[in-house]
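# Here you go, sequence then predicted model.
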Amino acid sequence: MKKTVINISLIIVAMLIYILQANFFHWFSIAGIMPNLFVIFILFIGLFANRTMGTIYGLIVGIILDLTIGTKVGSYSIGLGLIGFLAAIFDKNFSKDSRMTIMVMVVVVTCIFEILSYLLMYIFFSIHLEIVNFIKILAVEVVYNLILTIIIYPLIQKCGYFIENEYKDNRILTRYF
């Protein structure tokens with residue numbers, strides 16, 4: 001029952017993030033560059049739930065974004081699915097308790113997503129490589145994502161540990177006592 005409530009809550013959060021991305025952050029864009037909350041959201045799911053759930057949510061959210069936005073063929077689904085998979089690897093190798101570690105993860109994942117998206121745009125649409133413009137876009141988006149991560153980190157951590165307790169059965173001692 002709890003897993004169903006968690007999944008419904010995550011779907012509602014994904015819809016709220018979509019509304020924020022589509023409406024609210026247009027007012028706070030710098031040269032048309034906005035934060036990418038979906039990268040933080042999928043990283044959060046992959047870190048605190050498990051690899052399968054992070055990858056599946058990344059693929060589903062990516063497919064929905066590909067269908068609604070429609071400018072990048074499959075880049076959101078590939079990128080967000082990869083982020084969900086990488087988040088589980090980060091979970092095994094790094095601590096989620098440190099705000100600095102989470103910030104480094106957000107920087108790495110944002111860079112991977114944007115580089116992959118740019119490469120897919122280059123391959124599919126044969127756009128010209130403009131490295132300086134790309135670095136400017138990447139830098140602004142990384143700063144936006146970092147600021148949002150700093151602001152919502154306590155909420156991410158509290159909700160994340162609740163999800164982790166439900167999905168990762170780490171209750172080994174309770175079996176013996």
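Now that the structure is in, tell me what you want to look at. Numbers count the residues shown, from 1 in each chain.

# quick one: the residue sitting nearest the centre point of the chain and I19, what's the gap?
The structure's the chain has its C-alpha centroid closest to V39; by CA atoms, centre = their mean the separation is 2.3 Å. Distance of V39 to I19, given as CB to CB, to the nearest Å: 17 Å. The C-beta positions use only the backbone N, C-alpha and C, and glycine is treated the same way.

# How about H26?
H26 is 12 Å from I19, by CB to CB.

# Kindly report the same for I163.
22 Å.

# for L65, same thing?
Distance from L65 to I19, by CB to CB: 13 Å.

# When these two are compared, which one has more neighbours?
Looking at L65 and I19 with other CB atoms under 10 Å, you find the greater number of neighbours at L65, namely 21 against 10.

# Identify the residues contacting the more buried one.
Neighbour list for L65: Y18, F38, Y76, S77, L80 [criterion: CB atoms under 8 Å, 6 or more residues apart in numbering].

# switch the cut-off to 10 Å
Counting by CB atoms under 10 Å, 6 or more residues apart in numbering, L65 makes contact with A14, Y18, Q21, F38, T71, K72, S75, Y76, S77, G79, L80.

# go on, P35?
Counting by CB under 10 Å, 6+ apart, P35 has contacts 20-21, 25, 28-29, 110, 140-149.

# mind running it again at 8 Å?
F25, E141, Y144, N145, I147, L148.

# Which of those residues ranks first by neighbour count?
N145 (22 neighbours).

# That one: what secondary structure?
helix (DSSP: H, G, I helix; E, B strand; the rest coil).

# and the gap between it and T110?
Taken as CB to CB, the span from N145 to T110 is 5 Å.

# joint contacts of the two?
N36, V39.

# now the contacts of L65: which count as buried?
Listed as buried from those are A14, Y18, Q21, F38, K72, S75, Y76, S77, G79, L80; burial here means 16 or more other CB atoms under 10 Å.

# Hmm, F41 and the first one touching each other?
Yes: the pair A14 and F41 qualifies as a contact (CB atoms under 8 Å) at a distance of 6.6 Å.
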